[in-house]
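Enquirer: could you look at this predicted model? Sequence included:
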Amino acid sequence: MKKDSTNSKVVKKSELDKNNIQLSRRNFITRTALAAGAVTIIPRHVLGKGFVAPSDKINLGFIGLGKQSRGLAKNFIKNNAEIIACSDVWTTKNKWFVNHVSDSHLKIFESTRKNTVDTYLDYNELLENSKIDAVVIASPDHWHAKHVMDSLKANKDVYCEKPLSHNIKEGRNMVKAVKRSGKVLQVGSMQRSWDSFRKACELVRNGYLGEIKRVEVNVGDPAKAYDLSEEAMPSEINWNNWCGPAPLLNYNHRLAPSNNDVKFWPDWRLFEETGGGILSDWGAHMFDIVQWALGMDYTGPVELVPPADPTAVRGLKMYYANGIEVEHKDFGRGWGVRFFGTDGQMDISRGYFETTPISLLDTDYTTLNEKLIRSENHYSNWLDAIKNGGTPICDVETGHRSASICHLSNIAYKLNRPLQWNPEKEKFFKDSEANRLRSRKERRF
């Protein structure tokens, strides 16, 4: 937590004698404090809408300024964080983000205050800025690990978009680095801060569906090899640095558009070189809910059985040590999770929360024996953990384990054979090829 310097300031009484000073907000504060003869708490409405004491603010730097940064910036501004710096390899996106922050302040606080946001093409220069307390990482998946590790080395707390990692080993390395640093890392699996998802998991954890036998998870396809055609390189990009630790790919605007006004989400998510497919992109949300509901946050499945058809993009089955089966399956309701228990069934997603019997929705959650951590706001949950200490609702180990399920699934689809997995050692049993896929050699750039 930043030191509160306001209480240590001593104002001389002689300052009251200055001639005919206009009663601005600042002068009002000074005079009120002097009149009280002691430190005085000033009502925030006196300071103006959107004002937060400097001691209460956390200064943020943003790394990765694609479409996802748009909503993240608004949410952190709403929660009284100060965005003072940003970095992207696109000159166009740096300029866009500065305007976006100013516009967001205007809309949220109805304030014309000018925001100074420093821009950097090299994120390492951003990390050298000593005024930055914490960073928000919204870069493509293949950059997450390097951005996180370098941010921790620079003594910054971290909010990293999901999935936390691009592969299993770099996820474990991030867990170790966070523990060494003592910094706070929150993963952007924000469904854990949604009331409906927490209640759904509490119903499962408290046995309201009986014994869980099966779970179905519908998310998108596994990752595939990059296959977009080459297009002319825009002048606004350092393409070598965009690819970074990934292979040097041909440029295509679908992979990485030059601005955020496009009507599609960039396709880097689809390809194994830069993402994990939509299986990983949305699996980091929905498999995360399965882990939470089953009480498996710090472990994972022990067996994976892919479908017989090597071209199939659904049908993978995973088994936990307790026998629960989780299947990657389209059950016809969009991205979501379906739980089957001996006493009932439940469907949960961002668009629905339904149970059989329906009476389960009337459960008095205050009387449950096992209550899960409650976070009403994923962004303030992280900021509060930085200020006050403690663990955020989706900490680094949790995020790593949920991302690992996505990576395991991609490996099983790719190899198309049953795999035995040891979640404690994070190693496949007697399968050297599968074990090699837990990591990859990074490109030097």
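Expert: Received, thanks.

Enquirer: once you drop chain neighbours, what's closest to the most centrally placed residue in the chain?
Expert: Centroid check for the chain by C-alpha atoms, centre = their mean gives residue 188 as the closest residue, at 1.6 Å. Counting by C-beta to C-beta, 6 or more residues apart in numbering, residue 188 lies nearest to residue 161, which is 4.3 Å off, once chain neighbours are set aside. For glycine as for every other residue, the C-beta is placed from the backbone atoms N, C-alpha and C.

Enquirer: which residues does the one you found contact?
Expert: 64, 68, 72, 137-139, 144, 187-188 (C-beta atoms under 8 Å, 6 or more residues apart in numbering).

Enquirer: all strands in the stretch 151-300 of the chain, in order from the N-terminus.
Expert: Taking DSSP state E, counting those that start in this stretch, the strands of the stretch 151-300 of the chain run over residues 157-160, 185-187, 212-218.

Enquirer: deepest-packed of the ones you listed, please.
Expert: Mean neighbour count (mean count of other C-beta atoms under 10 Å) peaks for strand 185-187 among these, with a mean of 31.

Enquirer: picking that back up, the contacts of residue 161 in helices, which ones?
Expert: 68, 72, 144 (DSSP state H).

Enquirer: would you convert those residues into TSV that also reports distance to residue 419?
Expert: TSV is the format used below for the ones in helices among the contacts of residue 161 (distance: C-beta to C-beta, whole Å):
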residue	distance to residue 419
68	31
72	35
144	24
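
Enquirer: any idea how far residue 330 is from residue 191?
Expert: 19 Å (C-beta to C-beta, to the nearest Å).

Enquirer: higher neighbour count, the two?
Expert: residue 191 (23 against 15; other C-beta atoms under 10 Å).

Enquirer: tell me who's in contact with the residue lying closest to the more buried one once chain neighbours are set aside.
Expert: Leaving aside its chain neighbours, residue 191 sits nearest to residue 197 (4.6 Å; criterion: C-beta to C-beta, 6+ apart). Contacts of residue 197 were listed using C-beta under 8 Å, 6+ apart, and they are 191, 289, 292, 348.

Enquirer: just the pLDDT at residue 197, thanks.
Expert: Confidence at residue 197, expressed as pLDDT, is 98.

Enquirer: can you tell me how far it is from residue 364?
Expert: 18 Å.

Enquirer: and the helices in the stretch 201-350 of the chain, which stretches?
Expert: For the stretch 201-350 of the chain, the helices defined by DSSP state H, counting those that start in this stretch occupy 239-243, 277-294.

Enquirer: can I get the shortest one in PDB, CA atoms only?
Expert: Read it as helix 239-243. The C-alpha trace of helix 239-243 is given here as PDB (Å, rounded to 0.1, in the frame of the first residue of the first chain):
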ATOM      1  CA  TRP A 239       6.400  -7.300 -36.300                       C
ATOM      2  CA  ASN A 240       9.500  -9.000 -34.900                       C
ATOM      3  CA  ASN A 241       8.600  -7.800 -31.400                       C
ATOM      4  CA  TRP A 242       4.900  -8.700 -31.900                       C
ATOM      5  CA  CYS A 243       5.900 -12.300 -32.600                       C
END
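
Enquirer: quick one: contacts of that helix?
Expert: 89-90, 122, 233, 248-249, 251, 256, 443, 445.

Enquirer: before we move on, the earlier item: would you list the helices of the stretch 201-350 of the chain in a markdown table and tack on distance to residue 408?
Expert: Rendered in a markdown table, the data for the helices of the stretch 201-350 of the chain read as follows (distance: least, C-beta to C-beta, whole Å):
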| stretch | distance to residue 408 |
| --- | --- |
| helix 239-243 | 25 |
| helix 277-294 | 10 |
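
Enquirer: so which of those helices gets nearest residue 212?
Expert: Across those, residue 212 has its closest neighbour in helix 277-294 (6.8 Å, C-beta to C-beta).

Enquirer: helices and strands around the closest one, which ones?
Expert: Other elements packing on helix 277-294 under the criterion 3 or more C-beta pairs under 8 Å, 6 or more residues apart in numbering; DSSP states H and E are helix 195-205, strand 212-218, strand 325-328, strand 336-341, helix 396-415.

Enquirer: from these, which stretch is densest packed?
Expert: It is helix 396-415: most buried of those by mean count of other C-beta under 10 Å, with a mean of 25.

Enquirer: pLDDT of that helix, averaged?
Expert: Mean predicted confidence for helix 396-415 is 98.
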